[in-house]
Structures are given as structure tokens and as C-alpha cells.
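In: Structure for the following, please:
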Amino acid sequence: MQDVRAEIAVIRLQINKLRREGASLAINVTPSEDDSPQAIAEAYRRQARENPQLFAELKGIDDAITALEAQLAEKEALLNKSRSGYITRLSEQKEQLEKAKAKAKIHAERINQLAAELATEIHSLKTCADNLTPLYWQVYYKPFITGFKTISVPYVRSDGDVWTIVNRIV
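Out: Have a look, this model is predicted:
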């Protein structure tokens with residue numbers, strides 16, 4: 001896209017250069033207000049007959065400007081098309097992103113729900129272990145369950161833009 005912009009700038013510079021050159025070569029026939037349209041046309045024809053090389057050069061400059069303006073229009077259309085294509089792709093990507101975020105949100109909510117259920121189950125198990133451990137020590141001389149201080153469950157949290165999975169100790 002940068003190449004197209006550079007080409008457009010070069011074409012515009014060339015058109016402006018040709019216009020300045022044409023303006024410097026142009027011989028202005030200054031008709032008076034009283035001249036009829038036929039008299040004005042005849043004055044330009046006479047000038048063209050007297051200076052055919054100059055008028056041929058001016059005609060060549062006008063033709064070059066016309067061709068460059070057509071090329072400029074093509075390049076600008078190409079640039080606008082690529083911009084609209086980029087905008088279309090960007091909107092499609094945003095749409096895909098929103099769908100994926102909605103799906104991820106469902107999974108994150110399910111993980112948090114399971115984490116809450118798992119935390120409840122772990123607390124219930126700890127309560128059972130606390131009740132059983134004294135008796136278990138008396139019978140088997142060892143603890144029933146160990147490691148409750150390091151039990152954690154995953155939890156998904158978000159600050160709006162970035163989601164983080166953390167381990168909550170239960």
C-alpha cells in the first residue's frame with residue numbers, strides 16, 4: 001500500500017510539473033469583450049497556424065496530463081479498494097474475536113463454577129478428615145489425609161481486556 005501511495009505522489013508531482021510547463025509555454029490570446037465567439041475562435045486558430053510547433057507541444061502536454069490523470073484515478077481507486085478490503089477484513093476479525101471471546105467466557109464461567117464446587121468438596125473432605133484423624137491416629141498411628149494447606153483450584157478473572165488464570169488456595 002505504501003508503494004501505491006508513493007506512485008500516486010510521483011504522478012501528482014509530474015502532473016503539476018506538466019501544468020506549470022504548459023502554462024509557461026501558453027500564448028494567451030486576449031480577446032476583447034466586444035469580440036464575437038467566431039472572432040475569438042479565429043484568433044486562436046490564427047495563433048495555432050503561426051506557431052504550429054508550440055501548439056503541438058501544448059497538445060502533447062495536455063494529452064500527457066490526461067493520461068496521467070487517468071493513471072492517478074486508477075491508483076487512487078486501487079488504494080481505496082485496498083483500504084476498504086482492509087476495513088472489511090478488520091471488521092470480520094473483530095466479529096470472529098467477539099464470537100471467540102463469548103465462547104471463552106462460557107468456558108471461564110464453567111471453570112469458576114467447577115472451582116467453587118471443588119472448593120466446597122475439599123472443605124467437606126477436610127471436615128471429614130478433621131473428624132476422622134484423631135480416631136485414625138489411635139488405630140493406625142498415622143494421619144488420615146495430609147496436604148490441605150497447599151490445595152488450590154484454578155480461577156479465571158478478568159480486568160476487562162486481559163484474562164488471568166490463577167490458583168486459589170482453598
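In: any idea which helix or strand carries Tyr155?
Out: strand 152-158 (DSSP states H and E).
In: on contacts alone, who are the packing partners of that strand?
Out: The contact analysis (3 or more CB pairs under 8 Å, 6 or more residues apart in numbering; DSSP states H and E) places strand 152-158 against helix 52-140, strand 163-169. From N, CA and C alone the C-beta is placed, and that goes for glycine too.
In: Any chance of CSV for those, columns mean neighbour count?
Out: Listed next are these as CSV, based on neighbours: other CB atoms under 10 Å:
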stretch, mean neighbour count
helix 52-140, 12
strand 163-169, 11
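In: And this structure, split by domain according to the record?
Out: 2-97, 103-169 (automatic domain parsing).
In: Endpoints of the longest one, how far apart?
Out: Distance across domain 2-97, first residue to last, is 28 Å (CA to CA, to the nearest Å).
In: chain center to the strand holding Tyr155: distance?
Out: 33 Å (CA atoms, centre = their mean, to the nearest Å).
In: what's the angle between that strand and strand 163-169?
Out: 150 degrees (axes from the mean of the first three to the mean of the last three CA atoms, to 10 degrees).
In: still on that earlier bit, nearest to Arg19, out of the helices and strands packed on strand 152-158?
Out: helix 52-140 (6.6 Å; CB to CB).
In: Lowest-scoring secondary structure element of this structure by mean pLDDT?
Out: In the chain, the helix or strand scored least confidently by mean pLDDT, DSSP states H and E is helix 37-50, which has a mean of 82.
In: buried set for that helix?
Out: Ala48 (16 or more other CB atoms under 10 Å).
In: Among the helices and strands packed on strand 152-158, which one carries the weakest average confidence?
Out: Looking over the helices and strands packed on strand 152-158, mean pLDDT reaches its minimum on strand 163-169, with a mean of 85.
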